[in-house]
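Peer 1: Have a look at this fold, sequence not included:
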């Protein structure tokens, strides 16, 4: 299958990060666990799926797909916001299963979402830089073996599913990375009305299979100090940290002193209060351990 880009369409092509797309993919993996990489959170969802989510799950399973991993679907296009509710607010076609979808998201996707969003942000930044350096045509085939570039067109291996020809027009494509999807998986949604086409592709080999029980940050600084470092956020006073962590102020002060000596935390006064903030090294350590 070929998707032909116009100059305007190429200029309009972007990456998006969508909790809704991950919710749709996770529901698909209930019946097709092979679409997710081994060890991923999408491989063991049956026991976590509430009965209230089943109307949404049944809707997802009606989408045409090949057993080899190509999915031809009507993927909603997010409006550039980061929450599931914001996406659902502009998707009237999902109104009849919106409550079931939210129930599935809360039980199966939300516990993983913060970590997924951080990793996908790094992935998108890296490939955006590659496009600037190597060019669009040479970079996109690196996303998945199902994509290749020839002339002014993107070639897609549809593995036996024969969708109708797609005219992109000037809207281009929204590329939506899916964390922990297997390399064989690809979902394509054609443009509709003023909506661009969507290609959801796998991101599976970027440190995503690290066991969830291993806290890399705690391995470096210890469990208690890892909790303090994460709790500081954009800046916190000693008393605020003590209350949020349910420990004494003296315990917080002890941990903050050690983190400050390591160059991870800085402390300054705001009136009568003492406020702690992360240094650039502290931010980097948190990002690397996410």
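Peer 2: Structure received. Just so we're clear, the structure is a prediction, and the values are computed from it rather than from any experiment.
Peer 1: Which positions within the longest helix seen in the chain qualify as buried?
Peer 2: Longest helix of the chain, by residue count under DSSP state H: helix 110-134. For helix 110-134, the neighbour count (16 or more other Cβ atoms under 10 Å) marks 112, 113, 116, 117, 119, 120, 123, 124, 127 as buried. Where C-beta positions appear, they are placed from N, C-alpha and C, glycine not excepted.
Peer 1: and what of stretch 233-252?
Peer 2: For stretch 233-252, a neighbour-count test (16+ other Cβ under 10 Å) marks 236, 238, 240, 241, 242, 245, 247, 252 as buried.
Peer 1: With stretch 271-279 instead?
Peer 2: 275, 276, 278.
Peer 1: Next, the nearest residue to residue 12 once chain neighbours are set aside: phi, psi?
Peer 2: Spatial nearest neighbour of residue 12, excluding adjacent residues (Cβ to Cβ, 6 or more residues apart in numbering): residue 172 at 3.7 Å. As for residue 172, its main-chain torsions (degrees, to the nearest 10) stand at phi 70, psi -150.
Peer 1: mind checking how far residue 172 is from residue 144?
Peer 2: 18 Å (Cβ to Cβ, to the nearest Å).
Peer 1: between these two, which one's more packed in?
Peer 2: For residue 172 versus residue 144, the count of surrounding residues by other Cβ atoms under 10 Å is larger for residue 144: 24 against 20.
Peer 1: for this protein, what spans make up the strands?
Peer 2: Along the chain, counting by DSSP state E, strands occupy 2-4, 14-15, 70-72, 147-150, 153-156, 166-167, 173-179, 186-189, 197-203, 236-237, 265-270, 273-278.
Peer 1: Can you name every helix or strand that the last one contacts?
Peer 2: With contacts defined as 3 or more Cβ pairs under 8 Å, 6 or more residues apart in numbering; DSSP states H and E, the secondary structure elements packing on strand 273-278 are helix 223-232, strand 236-237, helix 238-245, strand 265-270.
Peer 1: again, 7 Å this time
Peer 2: Counting contacts by 3 or more Cβ pairs under 7 Å, 6 or more residues apart in numbering; DSSP states H and E, strand 273-278 packs against helix 223-232, strand 236-237, strand 265-270.
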